[in-house]
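Asks: sequence? don't have it. structure:
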């Protein structure tokens, strides 16, 4: 961390790569001894995403841009168990993310956390906010942010719900990407993003892909890089996927990854919305402003 980095929970710099990545409390000057399991690992958070899906009926699977929803079956072995985090220091965030419906809801911020802005989904760890287009759903949390729209039954997974458009942010370390540059991170992530968004688990596998775009991009006043593919699937809808990487506005040493996944079809978002969201990513409130602009 740098001397200018604000206090908060961040990936533990002492992580050896064995076992789950823990977060450690940075008090603004030094690393303390307080550690915790990241909230997204501690629990599979129940979400309300879109119409007709109750909060207790689904759980979010972090499958890249094309997020999909799994039925919440009690005792399902796929649900990971984790120990509860230790109590945070006085004044530290408690680690509970906040769920947001629609284009964001205003409300009093939790103690120790910056406010979640209306019309944005905020990734508090990475220090960025994703714009939530009209009619989309946004979710803010400590460990990442997501915006999604248009649920339907996954062609290759009868128990899951796919979305016609999804955007999902995480710190690169949480995705086990150990690259140091934006270009290397985005280039390495795009194949994983494509597989997790449109692969065998949901669409029967990808039969081919075409690179549509790659290059530098300015996001939240940081120099980043994006790679965009068009993918052809074995079953169901083809799609567009994009991996975008850039240094966190809070620290040059923290790389942020934003995964996009859009179906191709009359009911899916237009490809131009992917550009609009990319341009609209900004520094989270309280850390300075700076919407992105495609180079």
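Replies: On my side now, so go ahead. Treat the numbers as computed from the prediction; the structure is a model and nothing was measured. Residues are numbered from 1 along each chain as shown.

Asks: how about the helix or strand harbouring residue 275, which residues are buried there?
Replies: Residue 275 belongs to helix 271-280 when assigned by DSSP states H and E. By neighbour count on 16 or more other Cβ atoms under 10 Å, the buried set for helix 271-280 is 273, 274, 277, 278, 279, 280. C-beta: built from backbone N, CA, C; applies to glycine.

Asks: which helices and strands does it pack with?
Replies: strand 128-131, strand 239-248, strand 251-263 (3 or more Cβ pairs under 8 Å, 6 or more residues apart in numbering; DSSP states H and E).

Asks: of all these, which one is nearest residue 206?
Replies: strand 239-248 (9.1 Å; Cβ to Cβ).

Asks: the nearest residue to residue 23 once chain neighbours are set aside - how many residues pack around it?
Replies: Spatially, and ignoring its direct neighbours in sequence, residue 23 is nearest to residue 9 (4.3 Å; Cβ to Cβ, 6 or more residues apart in numbering). For residue 9, the count of nearby residues is 26 (other Cβ atoms under 10 Å).

Asks: now do residue 9 against residue 182, distance only.
Replies: Distance of residue 9 to residue 182, given as Cβ to Cβ, to the nearest Å: 23 Å.

Asks: format the buried residues of helix 271-280 as TSV; extra columns: distance to residue 258 and pLDDT.
Replies: Shown next, in TSV, are these (distance: Cβ to Cβ, whole Å; pLDDT from 0 to 100):
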residue	distance to residue 258	pLDDT
273	14	97
274	11	97
277	8	97
278	8	97
279	12	96
280	11	97
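
Asks: got these as JSON lines, with distance to residue 257 columns?
Replies: Shown next, in JSON lines, are the buried residues of helix 271-280 (distance: Cβ to Cβ, whole Å):
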{"residue": "273", "distance to residue 257": "19"}
{"residue": "274", "distance to residue 257": "15"}
{"residue": "277", "distance to residue 257": "14"}
{"residue": "278", "distance to residue 257": "13"}
{"residue": "279", "distance to residue 257": "18"}
{"residue": "280", "distance to residue 257": "17"}
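
Asks: list just the nearest of the residues you listed to residue 240.
Replies: For the buried residues of helix 271-280, the nearest to residue 240 is residue 274 (6.6 Å; Cβ to Cβ).

Asks: which residues sit in contact with that closest one?
Replies: Neighbour list for residue 274: 228, 240, 242, 260, 262 [criterion: Cβ atoms under 8 Å, 6 or more residues apart in numbering].

Asks: next, format those residues as TSV and append neighbour count, distance to residue 203 and pLDDT.
Replies: Shown next, in TSV, are the contacts of residue 274 (neighbours: other Cβ atoms under 10 Å; distance: Cβ to Cβ, whole Å; pLDDT from 0 to 100):
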residue	neighbour count	distance to residue 203	pLDDT
228	22	18	98
240	25	13	97
242	29	17	98
260	27	16	97
262	28	13	96
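
Asks: returning to that earlier point: ok, so of the buried residues of helix 271-280, who is nearest residue 141?
Replies: Among the buried residues of helix 271-280, and counting by Cβ to Cβ, the member closest to residue 141 is residue 277, at 17.9 Å.

Asks: how long is stretch 122-142 end to end?
Replies: End-to-end distance for stretch 122-142, by Cα to Cα, to the nearest Å: 8 Å.

Asks: that one: which residues count as buried?
Replies: Result for stretch 122-142 [16+ other Cβ under 10 Å]: buried residues 122-133, 136-142.

Asks: just the helices in this protein please.
Replies: 39-42, 182-198, 200-203, 271-280 (DSSP state H).

Asks: tell me which of these approaches residue 161 most closely.
Replies: Between the helices of the chain, helix 200-203 lies closest to residue 161; by Cβ to Cβ that is 9.9 Å.

Asks: not counting the closest one itself, show me its contacts.
Replies: Under Cβ under 8 Å, 6+ apart, the answer for helix 200-203 is 63, 66, 68, 154-157, 160, 162, 233-237, 239.

Asks: just to revisit the earlier point, in TSV, list the helices of the chain along with distance to residue 33.
Replies: TSV is the format used below for those (distance: least, Cβ to Cβ, whole Å):
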stretch	distance to residue 33
helix 39-42	19
helix 182-198	30
helix 200-203	39
helix 271-280	39
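
Asks: please work out which of those is packed deepest.
Replies: Ranked by mean neighbour count, the helices of the chain are led by helix 182-198 with a mean of 23 (mean count of other Cβ atoms under 10 Å).

Asks: what mean pLDDT does that helix have?
Replies: Across helix 182-198, the average pLDDT comes to 94.

Asks: that one vs strand 239-248, what angle?
Replies: Counting by axes from the mean of the first three to the mean of the last three Cα atoms, to 10 degrees, helix 182-198 lies at 140 degrees to strand 239-248.
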